[in-house]
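Trainee: give me the fold of what follows.
(chains A and B)
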2 protein chains.
Amino acid sequence: MPDALATWIDGCRADSLPLPDRGLDYGDGLFETLLAVNGRIPLRDLHFDRLRSGLAALHFPPLNDTVARHLDAALATLDAKGNYSIRVTVTRGSAPRGYAPPADPEARIVLSAQPMAYDPMTMQRPARVGVSKVSWGKQPALAGVKHLNRLEQVLAARERDVADWDEALMLDQAGALISVTAGNLFLLSGATLLTPVLEDCGIAGTRRRFLIERAADLGLNVRETSLSLDDLKAADEAFYCNSLIGLRSIGEFGGLQWPKQPVCTQLFDHYCKELAA
Amino acid sequence: MPDALATWIDGCRADSLPLPDRGLDYGDGLFETLLAVNGRIPLRDLHFDRLRSGLAALHFPPLNDTVARHLDAALATLDAKGNYSIRVTVTRGSAPRGYAPPADPEARIVLSAQPMAYDPMTMQRPARVGVSKVSWGKQPALAGVKHLNRLEQVLAARERDVADWDEALMLDQAGALISVTAGNLFLLSGATLLTPVLEDCGIAGTRRRFLIERAADLGLNVRETSLSLDDLKAADEAFYCNSLIGLRSIGEFGGLQWPKQPVCTQLFDHYCKELAA
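Mentor: Next up, the predicted model:
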């Protein structure tokens, strides 16, 4: 249990959000998408680190301890042998109307859990990707943060579905490669992994950070840099990553094909050890 | 009645939002802030025009007729002699997890009403403004649309409150003047009103549109153009506008003062005739 979606608000099972809520009104909040494997959250610290940075960026009070407590209580109700996707949403709660946050916000923590529809330890087939016409806006004040303002990705994901791609590449307004709609990008060039700098836009993913910190285990260097579609075309391998799928290689883009992705497969296996730890 | 905040969801009184909701999860939706005066919504058509454009920009189905019906039902419960601020929020409703909108969304309409805390027919004293460090990101796909992704304004409004300004000017990433946190900007130069172009960011306000369409009633020209802080400093008068306050003149900025604002006052009087119509 639960078979379907279960939701909690501030630690209690609840299926509706008290109104008004600044998360709904302005997207004034943050979220994390966690994978639970056998009752455990792999890379849990990376999620909580990002949450801490996001709370600071939005001038929320520290909330990690409260979120951790609610998360543990929810985990305890789930099947210890199941795999779940868990979403933690933190909003600035109720407040009088107006954009300005209240001086003393009462944050609200919304948690939801749902059984995984696929096995996170099995790598998905290589993806066919296209380029979205919707580019990330430049916003240094929010870059990297997993906040609730996600319309750019919503529009790009719609475009992806209409075009029947597996994923859509998203550029910035200057045409640099940033991400896919739901994941960070990596290109392999020789023994170096290249991944876009996220100073002006994009989300700093936990799996991205895992790869940056742990690629050396496989003898790989990592470099955060500015990348273009031409860099993708010239790459030996390419893949994207997020907390639910892990890593997925790019098999086809712009008439090019990458039939073999040995390093991506190695990295996925390495990542799976972390899931099973 | 009601004295405080009253909320409706899909036409029924309700004080909580069913979960999940894409409005909360991704800011996947739109809103309108309406002023009700004596049971009537001034410039109602302009609000509904903008809502229609916003729904199209986000690829929602048309919903104006449903929103109008819910709005009228709510208005009928309010004191016909009172002034209210009413917020209409439209979200893409519940859907399976993921950024991509469902092919057949069931939109949700959240409505809230609250008595006005001040008289919308009385112009507020001239505002003291500063410049926010948070600039609008460039996003042509969403420019002008009053969607639910409003963190830039939340951060700028916080900065305004911390600095104890009446309002904060917001620039774009290139330094052009765009808006205040909660309103559109106009500068007066001779007999011409200048207002920022909103092709790349900002919200196309209903009062902005009223002024563009009706300034000629007072013998004024209007020009949408690129503006800078220097243009503001050189302006004969300056003001901002939104649906709740109407127009408010800028009395002080960057060491400069505008003690008299005769044209702004004339425009406010003209606008009040529309409120009382």
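
Trainee: could you give me the buried positions within stretch A:152-172?
Mentor: A:152-161, A:165-172 (16 or more other Cβ atoms under 10 Å in any protein chain shown). Heads up, the C-betas are built off the backbone N, CA and C, glycines and all.

Trainee: may I have stretch A:253-261 exported as PDB, CA atoms only?
Mentor: Extracted C-alpha coordinates of stretch A:253-261, given in PDB (Å, rounded to 0.1, in the frame of the first residue of the first chain):
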ATOM      1  CA  PHE A 253      19.000  13.200 -33.000                       C
ATOM      2  CA  GLY A 254      18.900  15.300 -36.100                       C
ATOM      3  CA  GLY A 255      19.400  12.400 -38.500                       C
ATOM      4  CA  LEU A 256      22.300  11.100 -36.400                       C
ATOM      5  CA  GLN A 257      22.400   7.800 -34.600                       C
ATOM      6  CA  TRP A 258      24.400   6.500 -31.600                       C
ATOM      7  CA  PRO A 259      23.700   2.800 -31.800                       C
ATOM      8  CA  LYS A 260      26.200   1.900 -29.000                       C
ATOM      9  CA  GLN A 261      26.600   3.700 -25.700                       C
END
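
Trainee: got the phi/psi numbers for the closest residue to chain B within the stretch 151-277 of chain A?
Mentor: For the stretch 151-277 of chain A and chain B, the shortest gap (Cβ to the nearest Cβ) falls at A:A157, measuring 3.7 Å. Torsion angles at A:A157 (phi, psi; degrees, to the nearest 10) stand at phi -70, psi -30.

Trainee: before we move on, what about A:E167?
Mentor: According to degrees, to the nearest 10, A:E167 has phi -150, psi 160.

Trainee: A:Q114 too?
Mentor: phi -150, psi 140.

Trainee: let me know the pLDDT of it.
Mentor: You'll see A:Q114 listed with a pLDDT of 96.

Trainee: in space, what's closest to it - neighbours in sequence excluded?
Mentor: Excluding its sequence neighbours, the residue lying closest to A:Q114 (Cβ to Cβ, 6 or more residues apart in numbering or on different chains) is A:L5, at 4.8 Å.

Trainee: the one you found: neighbour count?
Mentor: 17 (other Cβ atoms under 10 Å in any protein chain shown).

Trainee: before we move on, the earlier item: contacting residues for the residue of the stretch 151-277 of chain A closest to chain B?
Mentor: A:168, A:181-182, B:98-101 (Cβ atoms under 8 Å, 6 or more residues apart in numbering or on different chains).

Trainee: what about the strands in the stretch 101-250 of chain A?
Mentor: A:108-115, A:127-131, A:167-171, A:177-180, A:183-189, A:192-196, A:221-225, A:237-242, A:246-253 (DSSP state E, counting those that start in this stretch).

Trainee: who does the third one pair up with?
Mentor: Right, the one you point to is strand A:167-171. Counting by DSSP bridges, the strands paired with strand A:167-171 are strand A:127-131 (parallel), strand A:177-180 (antiparallel).

Trainee: most packed of those strands?
Mentor: When the strands paired with strand A:167-171 are scored by mean count of other Cβ atoms under 10 Å in any protein chain shown, the highest mean neighbour count falls to strand A:177-180 (a mean of 25).

Trainee: need the CA coordinates for it. PDB is fine.
Mentor: These are the backbone C-alpha positions of strand A:177-180, laid out as PDB (Å, rounded to 0.1, in the frame of the first residue of the first chain):
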ATOM      1  CA  LEU A 177      22.200  23.500 -24.900                       C
ATOM      2  CA  ILE A 178      20.800  23.400 -21.300                       C
ATOM      3  CA  SER A 179      18.700  20.200 -20.600                       C
ATOM      4  CA  VAL A 180      15.800  18.100 -21.700                       C
END
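
Trainee: can you list contacts of it?
Mentor: So strand A:177-180 is contacted by A:129, A:136, A:167-172, A:185, A:196, A:198, A:201-203, A:227-229, A:231-232, A:240 (Cβ under 8 Å, 6+ apart).

Trainee: report whether stretch A:65-75 contacts chain B.
Mentor: No. Shown here: stretch A:65-75 not in contact with chain B (Cβ under 8 Å from any Cβ of the partner chain), separated by at least 14.0 Å.

Trainee: can you give the distance of that stretch from its chain's centre?
Mentor: Taking Cα atoms, centre = their mean, to the nearest Å, one finds the center of stretch A:65-75 at 20 Å from the center of the full chain.

Trainee: what's the neighbour count on the residue lying closest to A:T192 once chain neighbours are set aside?
Mentor: Distance criterion Cβ to Cβ, 6+ apart; nearest residue to A:T192, sequence neighbours excluded, is A:N221 at 4.5 Å. Applying other Cβ under 10 Å, we find 12 residues neighbouring A:N221.

Trainee: what is the helix or strand where A:T33 lies packed up against?
Mentor: Using DSSP states H and E, A:T33 maps to strand A:29-37. Under the contact criterion of 3 or more Cβ pairs under 8 Å, 6 or more residues apart in numbering or on different chains; DSSP states H and E, strand A:29-37 touches helix A:44-57, strand A:83-91, helix A:262-276.

Trainee: fine by me, we can end here.
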